[in-house]
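based on what follows, work out the 3D shape:
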Amino acid sequence: MRLLTVPLFALLAACTQAQELDQITEKGELRVALRHLPPAMRGDFTGPAGFQYAIARRFAYHLGVELKPIVTPDIEEMRLVLENGEGHLGAFAIPITRLRSEQLHFSRPFHRAEPKLVYRLGDPRPQSLDDLQGPLTVAYGEGHAEQLDDLQPAHPRLQWIIDHQASSSQLLKRVADGELAYTMAYSHEVEIAQRIHPELRVAFSVGEARDFAWALPADADDALIFALQEFFDELESSGELQTLLEQHFGHFRDFDFVEMREFQRRIDSRLPTYLPLFQAASGDDIDWRLLAAISYQESHWDPRARSPTGVRGLMMLTHDTARQLGVDDRLDPEQSIAGGADYLRWVKGKIPERVTEPDRTWLALATYNIGFGHLEDARILTQRRGGNPDLWVDVRRNLPLLARQEYYSNLRHGYARGGEAVTYVENIRTYFDLLSRRLQMEAVAARRGLIAVPTLTPLAF
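Numbering: from 1, shown residues only. Here you go, the predicted model:
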């Protein structure tokens, strides 16, 4: 296994064998293979996004060149892109396996995860590989078959099927739908999939945890290898890597089977009715999926929802807010959604212009919930405590302190339930992500002929 641990001779070689890195610098572009599936790359109201994309963009900036993404559907396609010279590196979270190590050169690992055996809720839970009552299907190229090969001597009756076409996420869906008995997936993949398919359950870990890394061509020059190593060292030592992890994954809450199952059901039963209204109200400046996520957090897409405090409708507008926005009937879905979109535009306009996306949107959502004055108090408190008041990840840590007297007594607007605002924003982020993933999975399935028509037509996707 060849990792980015660069010995002295490689550092010396980097001074004289910088042909590929020189070409990247001279041409001014870094060609990076990215998967057009979450969490690697996602199109949303901030443009292309996602954890791997964010790191790739920073590496390009580190080199002083422009990022040129190459969309690839899976690891095998990414390998071919690197092999034929079309791409310089693959910004996938790739499990480092014996097979892949013979084909690719891996960066320093930045993640580690355990492979899990997954089954469907309601089926008997196997306690070991000897208890499997049906076929075990695994995705090609994920390293699961290699681990099963290693384990088979201790489990001589173990058999498995390698699916060369389906991804791990597609196999997980098939288990959730009852089409497959078992599959294997890494722990982070299962955690995400359970929010889309709450029926999935983990039986046990299979074998040892694996490291995940980026990939370069097998013949990548040492100068590019060293530059990537240096970049990851700086990213980690500066704390930016941890900040990116929190920005992209910190909003996922503890798994709640009932809540996630109900959300998926209401995507099918309620959202199609209001989808055209969300799309119409979003215009060119708001992602309709974000409006839909806000509405679900507010009312669970119930147009007659009402709270004890008197807010009503799909977007749960107060009487004063509705009057300010020209909404005559808060129970009318079209008026409510249009009013909610206009209110979001208004609160977003109050955020300082220097704040960039996506933090601008997350701070606006907190304002939507707690009010601009209390958000400003939280941002002031964040700055006092050494954080960045323009980053949601920093403001999020300080919002709950607005409920503690030793903090709110020294702020202009006083006591506020800031912890509730954090939950509000993070819930919306979760619903937005889950809705985005659902749309992407349906779009991929439709292209491959696995479903005739997607449940939701992603017009703005």
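
list the helices and strands the lengthiest helix in the chain packs on?
When the chain is parsed with DSSP state H, its longest helix is helix 418-447. Helices and strands touching helix 418-447, by 3 or more C-beta pairs under 8 Å, 6 or more residues apart in numbering; DSSP states H and E, are strand 42-44, helix 168-176, helix 187-196, helix 257-269, helix 288-299, helix 359-370, helix 372-384, helix 392-398. The C-beta positions use only the backbone N, C-alpha and C, and glycine is treated the same way.

next, the buried residues of that helix.
Buried residues in helix 418-447, counted by 16 or more other C-beta atoms under 10 Å: 418, 421-444.

chain center to it: distance?
Relative to its chain's centre, helix 418-447 lies at 9 Å (C-alpha atoms, centre = their mean, to the nearest Å).

residues near residue 314, how many?
Neighbourhood size, residue 314 [other C-beta atoms under 10 Å]: 32.

nearest residue to residue 124 other than its sequence neighbours?
Once flanking residues are discounted, residue 124 sits nearest to residue 133: 6.6 Å by C-beta to C-beta, 6 or more residues apart in numbering.

distance of residue 147 relative to residue 274?
Residue 147 sits 45 Å away from residue 274, going by C-beta to C-beta, to the nearest Å.

quick revisit: so what's the residue nearest to residue 124 scoring on pLDDT?
For residue 133, the pLDDT comes out at 91.

for burial, what's the neighbour tally of it?
Counted with other C-beta under 10 Å, residues neighbouring residue 133 total 10.

residue contacts, it?
By C-beta atoms under 8 Å, 6 or more residues apart in numbering, residue 133 lies in contact with 124, 126, 181.

those residues, buried ones only, as a PyMOL selection?
The following PyMOL line selects those of the contacts of residue 133 that are buried, judged by 16+ other C-beta under 10 Å:
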select buried, resi 126+181
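
save the helices and strands packed on helix 418-447 as CSV, and put in mean neighbour count too.
Below are the helices and strands packed on helix 418-447 laid out as CSV (neighbours: other C-beta atoms under 10 Å):
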stretch, mean neighbour count
strand 42-44, 19
helix 168-176, 22
helix 187-196, 20
helix 257-269, 15
helix 288-299, 25
helix 359-370, 24
helix 372-384, 21
helix 392-398, 22
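
pipe these into TSV and attach distance to residue 208 and mean pLDDT per row.
Listed next are these as TSV, based on distance: least, C-beta to C-beta, whole Å; pLDDT from 0 to 100:
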stretch	distance to residue 208	mean pLDDT
strand 42-44	30	45
helix 168-176	18	91
helix 187-196	13	86
helix 257-269	29	86
helix 288-299	38	95
helix 359-370	37	94
helix 372-384	41	97
helix 392-398	32	94
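
and those: which comes nearest residue 108?
Nearest of the helices and strands packed on helix 418-447 to residue 108, taken as C-beta to C-beta: helix 187-196 at 18.2 Å.

which strand or helix spans the residue nearest to residue 367 when sequence neighbours are not counted?
Once flanking residues are discounted, residue 367 sits nearest to residue 347: 4.3 Å by C-beta to C-beta, 6+ apart. With secondary structure defined by DSSP states H and E, residue 347 is part of helix 333-350.

and that helix, what does it pack against?
Applying 3+ C-beta pairs under 8 Å, 6+ apart, we find helix 333-350 packed against helix 271-282, helix 288-299, helix 319-325, helix 359-370.
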